[in-house]
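S.K.: Quick one, fold the following:
(4 chains)
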Amino acid sequence: MSDIKTSVNLCGVELKNPVMVASGTFGSGEEYSEFVDLNRLGAVVTKGVANIPWPGNPTPRVAEVYGGMLNAVGLQNPGIDVFCNRDIPFLKNYDTKIIVNVCGKSTSDYLEVVERLADEPVDMLEINISCPNVKEGGIAFGQDPKLVEQITSDIKKIAKQPVIMKLSPNVTDITEMARAAEAGGADCLSLINTLTGMKIDIDRRTFVLANKTGGMSGPAIHPIAVRMVYQTAQAVKLPLIGMGGIATAEDAIEMILAGATAVSVGTANFVDPRTTIKVVEGIEAYMRKYGVKDINELVGAVHER
Amino acid sequence: MSDIKTSVNLCGVELKNPVMVASGTFGSGEEYSEFVDLNRLGAVVTKGVANIPWPGNPTPRVAEVYGGMLNAVGLQNPGIDVFCNRDIPFLKNYDTKIIVNVCGKSTSDYLEVVERLADEPVDMLEINISCPNVKEGGIAFGQDPKLVEQITSDIKKIAKQPVIMKLSPNVTDITEMARAAEAGGADCLSLINTLTGMKIDIDRRTFVLANKTGGMSGPAIHPIAVRMVYQTAQAVKLPLIGMGGIATAEDAIEMILAGATAVSVGTANFVDPRTTIKVVEGIEAYMRKYGVKDINELVGAVHER
Amino acid sequence: MATKFEEMAVVVSQKEIATDIYDLTIQTKDIAANAKAGQFISLYCNDGTKLLPRPISLCGIDREAGTLRLVYRVTGEKTGTEQFSKCKAGDEIRVLGPLGNGFELGDKKAFLIGGGIGIPPMLQLAKELNCEKTAVLGYRNELFLLEDFEAVCDTMIATEDGSAGTKGNVIDAIKANGAKADVIYACGPTPMLRALKAYAEENDMECYVSMEERMACGIGACLACVCKTKEKDHHTNVNNKRICKEGPVFNAKEVEL
Amino acid sequence: MATKFEEMAVVVSQKEIATDIYDLTIQTKDIAANAKAGQFISLYCNDGTKLLPRPISLCGIDREAGTLRLVYRVTGEKTGTEQFSKCKAGDEIRVLGPLGNGFELGDKKAFLIGGGIGIPPMLQLAKELNCEKTAVLGYRNELFLLEDFEAVCDTMIATEDGSAGTKGNVIDAIKANGAKADVIYACGPTPMLRALKAYAEENDMECYVSMEERMACGIGACLACVCKTKEKDHHTNVNNKRICKEGPVFNAKEVEL
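M.R.: Got it, this is the predicted structure:
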């Protein structure tokens, strides 16, 4: 492994490799630790945590769609207290970076969590302003550039860790949201969250999801994610974490070439619990095949035909 | 067939069934007439036609993606004169409705085509204000509600046929665009056009498409289309033509239940040239299975679980 | 200690035993040896358009041979289950398991109640329970697995159309036979489980139900397949237990049905 | 009059004849009987994640037996061509064809020039051309189909590494052999076609080239696979001919390369 450098630096945080997991697809790592050596991941991004426990949405919460899935879990989470007492200590057993995904229904919800995390041994915060499955907060913040900038700057005032703003793809122009987050002082951006979709059961003539709509993820959305990462990389100077349908090392490399410094594996964890490790190994194999000494050479390296 | 009624009425135009084709995937029908009896389609929607011939984009113009494809053909078309002299007479040989898709780079381009079509024997006009692959016009119109309303009302002033406005999914809120088109006097809406995507060749580290980005279509985008059709059906009173990833009768019925009065088969024509006929037959089979006497009973008939 | 295994299982045999009901035996490497009655496994399609695993309960476990018997229903055309139904001896299916908690084996006089495609998991339980036990099987009309049950325990059946056994549902069959027990183990449609929960309460019986919900990960990470519980759950502290992890078997008193 | 057919073709035989080069024979119902040299067919994957057909040129046409021979390259892992390469006798592949214009057969002294995976379509042409003809085949290093050509016409070869025939490209081989002809038929990489177009102009030869581009529909409807042409095209009147419809064979003078 020593012949190639796979480590990347995300606003001061050094990851051993660019492969992390997408929030909400990996819990806090415990369930997957039976299949994946968490020490081999660049970072674990936890499921979103709020100031208090959230029960989430009614079931059914997931539906399969062509090449992907819809989810409307609704950010069920145990609240920041249980999280700090249980999930952070669990993750501290591993040599990987800890990125805590933060959700809320109001600015003060977010700030309460961020403040509570200030003295915790976590490496970065990812702010979920783009969950399509909760009525208040979430998506409402992520679709308006003024609100994006405001909440970013409010959070940055008190955050002790670098702040990643997670962007919604359900917008006309993702670069507008990216620039707003940059203007608000974000350290990093992650994109894309899920695209809002719907599935109807034609035999029962009902919505498959109790929530009617759900966030679409999986390989089906990958080309949209690559496009948005590319556009965002052209628009801002911040490092990007690319996600959306990454299931193979090839998908991850495509995202890196588009401009992502790191990548997250999401839905693919459900399809094969060892996907993350396969992506780590596949990136190394690609680097060796093409004589890439340092993965940073690949970031944003797509060029005209 | 007489036991069930499959005909639908789109703002005064009676289609024998709700199945049509998506503009740009079927030419003007000639190439597919070897595989499909055009008399069995509710309507043929032609490839977009402008006031003058357009050469389109450089190649490669298409790329395959997971469960779909990207295209950046760039609306290559022969211009309205050739179209009126060749394509309309061809289609008049068949007992199907003719819907002409109109594209332009400026309002006056659109108006010139609409005016030229005024005395032609075509049934409806579909105005493409949402093509992501041409720099001027197209998408620029479709992402701004003021422009949508303005161009709709300009066209309605001179159009002799009912006007369908074709909406872009690359927006934060499709209902805003739908309401703008309704306010401008549109007779009908069609949605969704393609989602902007990108594919990178990781071996060459180049964009697969000469145009860098392309419009994504195919089954992968179906859940997003269903969601947008449902939302739009709740927001406006106009009849809707649903499209986006319809490859089977089940997909078509899902779209109808979501609120579409008619549906268009697009990319699936490339996958199986007889898809349209299979959808027509599959809808009839579904109606018989569930004792649906009139397809209009199904339009928007999705209900809560 | 790894307790779950992802494997390429090999089909040993498969046949259709009733309309759309398939009886599949697969050879596993580690799963069968570690499985118990009431657990399930996830089966993956070989088709990139259907990404999520299909949870299927264990109808039989042969720990020595390392084989699992799965009896499942094909839910429609172009479905994942249809895909599995076409597999022949020697074909491979990717699987993950064993998953879920399974039944706790007690020694009280028991009813093992299965309704429709909830019948199969009761068979392995019938084999493992070392106590007085009666299987109560509810069918629409077409019978399956009946001889398998009759070989291991007393069995009574109900059919919706009365074509065999008691006409009606499983509770009708119990009443018609004047049968009694101290504990119910059950798997089947939610209305049946709901009725059994009420029946157990009325008759002061314990009742354990195996539940179903749409799943994604199958291992407790995604929080898709929760059910409402009386007690706060361990994971989120919000009365939402994970069917794939804390379940699928719950004490009926603990869950909303 | 239908001239194109969508069919389930049946694999008759398949073998790998060089690294990643496969030789596939399929039984068709109507396609072979209606096909000519230089045409192609579209092959569909059996995998819903790969929707677009793969155009593959015809290496051999047996109109009486109704079979087609396809010699194609597997372009990578998890590709459609890899999927085809795994088909065995008796397997079905959905196909559409014959597509495109094919070569017009003349009687002038001809070079049949193939480069790499452009070699296969020249074989059927060699069989059909009733004139003086020489095949000129350019390989990287590994030879394939050579004996097939030698059985039907004079053949000269070039290899990039000089391991067989002339070291260099197809034009080097022609020069080294001092060969002359009046017309060129060619299929291969664009740089080769470009060089042949120039060579033909210099030597006052006719030159017909078979071109490639990414396709979607394969029948002329989607306008994906156009090439720049000197003349206005019939379809759009904008100097863009459709490779799948007006092509894939063009007079080199008519197209930009």
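
S.K.: which phi and psi does the residue in the stretch 1-150 of chain A that chain B sits nearest to have?
M.R.: Closest to chain B within the stretch 1-150 of chain A is residue A:67: 3.6 Å, counting by C-beta to the nearest C-beta. All C-beta spots, glycine's among them, are computed from the backbone N, C-alpha and C. For residue A:67, the backbone dihedrals (degrees, to the nearest 10) come out as phi 70, psi 20.

S.K.: What's the local residue count around it?
M.R.: 29 (other C-beta atoms under 10 Å in any protein chain shown).

S.K.: Scan chain C for its longest strand.
M.R.: Across chain C, the longest stretch assigned as strand under DSSP state E is strand C:5-18.

S.K.: Give me the secondary structure label for the residue of the stretch 51-200 of chain C found nearest chain D.
M.R.: Closest residue of the stretch 51-200 of chain C to chain D, C-beta to the nearest C-beta: residue C:78 (9.4 Å). Secondary structure state of residue C:78, per DSSP: H, G, I helix; E, B strand; the rest coil, is coil.

S.K.: check contacts around residue C:251.
M.R.: C:206-208 (C-beta atoms under 8 Å, 6 or more residues apart in numbering or on different chains).

S.K.: what would the residues you listed look like in CSV with secondary structure, pLDDT and neighbour count?
M.R.: What follows is these, written out as CSV (DSSP: H, G, I helix; E, B strand; the rest coil; pLDDT from 0 to 100; neighbours: other C-beta atoms under 10 Å in any protein chain shown):
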residue, secondary structure, pLDDT, neighbour count
C:206, strand, 96, 16
C:207, strand, 97, 22
C:208, strand, 97, 23
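
S.K.: how about the helices of chain C, start to end?
M.R.: C:80-85, C:120-128, C:146-150, C:170-176, C:190-202 (DSSP state H).

S.K.: List the buried residues of the last one.
M.R.: To tie it back to what came earlier, the one meant is helix C:190-202. Residues C:192-193, C:195-197, C:199-200 are the ones in helix C:190-202 that count as buried (16 or more other C-beta atoms under 10 Å in any protein chain shown).

S.K.: how about TSV for the residues you listed, with pLDDT and distance to residue D:234 added?
M.R.: What follows is these, written out as TSV (pLDDT from 0 to 100; distance: C-beta to C-beta, whole Å):
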residue	pLDDT	distance to residue D:234
C:192	96	67
C:193	97	68
C:195	96	72
C:196	96	73
C:197	96	73
C:199	96	77
C:200	96	78
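
S.K.: ok, of those, which one's closest to chain A?
M.R.: For the buried residues of helix C:190-202, the nearest to chain A is residue C:193 (15.0 Å; C-beta to the nearest C-beta).

S.K.: my guess is the closest one contacts residue C:212, does it?
M.R.: No - Residue C:193 lies out of contact with residue C:212 (C-beta atoms under 8 Å); the separation is 9.4 Å.

S.K.: So out of everything in the stretch 51-200 of chain C, what residue is nearest chain B?
M.R.: For the stretch 51-200 of chain C, C-beta to the nearest C-beta, closest residue to chain B: residue C:78, 8.3 Å.

S.K.: Sorry, slip of the keys, the one I care about is the stretch 1-150 of chain C.
M.R.: residue C:49 (6.2 Å).

S.K.: what sits up against the helix or strand of chain A with the lowest mean pLDDT?
M.R.: Ranking every helix and strand in chain A by mean pLDDT, DSSP states H and E puts helix A:139-142 at the bottom, with a mean of 75. Helix A:139-142 is contacted from outside by A:129-132, A:147-148, A:151, A:166-168, A:170-171, A:177, A:193, using C-beta under 8 Å, 6+ apart.
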